[in-house]
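Trainee: No letters, just coordinates:
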């Protein structure tokens with residue numbers, strides 16, 4: 001597993017405002033969108049391309065386009081939806097799948113309740129979107145779901161991560177696939193309730209309100 005922490009002043013600034021408990025939901029949603037676009041720039045650095053011949057107003061030259069098959073972006077419901085537009089802004093040709101997982105607050109295990117993904121992901125570059133990498137259970141279950149369908153190139157884009165969760169993901173992945181995790185920051189730790197410290201609260205609730 002490869003870890004990339006986006007070290008950029010704009011990333012740090014937007015993350016600081018997201019952490020503020022006084023930041024209202026509309027501002028929180030806008031900042032998540034902007035922050036994910038910055039993270040997407042880093043996450044797509046190794047996206048596969050193919051050469052294409054183009055004609056400029058002056059001459060013929062060679063450029064590149066996103067290679068087939070198109071990448072697939074998979075937000076993890078529900079909080080991952082708040083990251084979707086920021087990601088597809090940079091990858092407009094990507095297909096979009098959906099994966100519904102939620103954490104059992106007693107066992108802390110991830111439970112799958114919905115999916116909308118191709119049966120065969122062989123040869124596809126997959127981008128998972130989930131704001132928080134806490135215990136690692138949800139991300140491990142999501143990665144496993146993609147690997148079972150043939151994916152071998154998976155990038156997870158998260159706003160923040162806990163060291164404990166990163167360790168769980170790294171141990172799970174091993175040498176099974178090429179997995180990268182792109183985050184804005186790695187926080188200190190998990191508390192006794194498995195929340196990231198200092199964190200930014202429940203991302204889903206702050207994006208959409210408490211349901």
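Mentor: Received it, and whenever you're ready, just let me know what you need. Since the structure is predicted, the reported quantities are computational estimates derived from the model, not experimental observations.
Trainee: Can you point out the buried residues in stretch 130-146?
Mentor: 130-143, 145-146 (16 or more other C-beta atoms under 10 Å). Placement of C-beta: from N, CA and C, glycine included.
Trainee: If we only consider those, which is nearest to residue 24?
Mentor: Distances from residue 24 to the buried residues of stretch 130-146, taken as C-beta to C-beta, are shortest for residue 131 (17.0 Å).
Trainee: where do the strands sit along this protein?
Mentor: 2-5, 49-55, 60-66, 72-77, 95-96, 98-103, 110-116, 125-129, 132-133, 153-161, 178-186, 189-190, 196-197 (DSSP state E).
Trainee: List just the nearest of the buried residues of stretch 130-146 to residue 55.
Mentor: For the buried residues of stretch 130-146, the nearest to residue 55 is residue 146 (38.5 Å; C-beta to C-beta).
Trainee: Which residues does the nearest residue to that closest one once chain neighbours are set aside form beta bridges with?
Mentor: Ranked by C-beta to C-beta, 6 or more residues apart in numbering and with sequence neighbours excluded, the top spatial neighbour of residue 146 is residue 126, at 5.2 Å. Beta-bridge pairing of residue 126 under DSSP bridges involves residue 72, residue 154.
Trainee: just to revisit the earlier point, least confident of the strands of the chain, on average?
Mentor: Among these, strand 110-116 carries the lowest mean pLDDT, a mean of 77.
Trainee: List the contacts of the longest helix along the chain.
Mentor: The residue-count maximum for a helix in the chain (DSSP state H) belongs to helix 25-43. With contacts defined as C-beta atoms under 8 Å, 6 or more residues apart in numbering, helix 25-43 is touched by 4, 6, 8, 10-11, 14-15, 17-18, 23, 82-83, 85-87, 89-91, 127, 129, 131, 155, 157, 159, 180, 182-184, 203, 206-209.
Trainee: picking that back up, thought the residue nearest to residue 146 was touching residue 75?
Mentor: No - judged on C-beta atoms under 8 Å, residue 126 makes no contact with residue 75 at a distance of 11.7 Å.
Trainee: Quick check: end-to-end length of stretch 167-178?
Mentor: Using C-alpha to C-alpha, to the nearest Å, one end of stretch 167-178 lies 16 Å from the other.
Trainee: buried sites along it?
Mentor: Result for stretch 167-178 [16+ other C-beta under 10 Å]: buried residues 168, 169, 172, 173.
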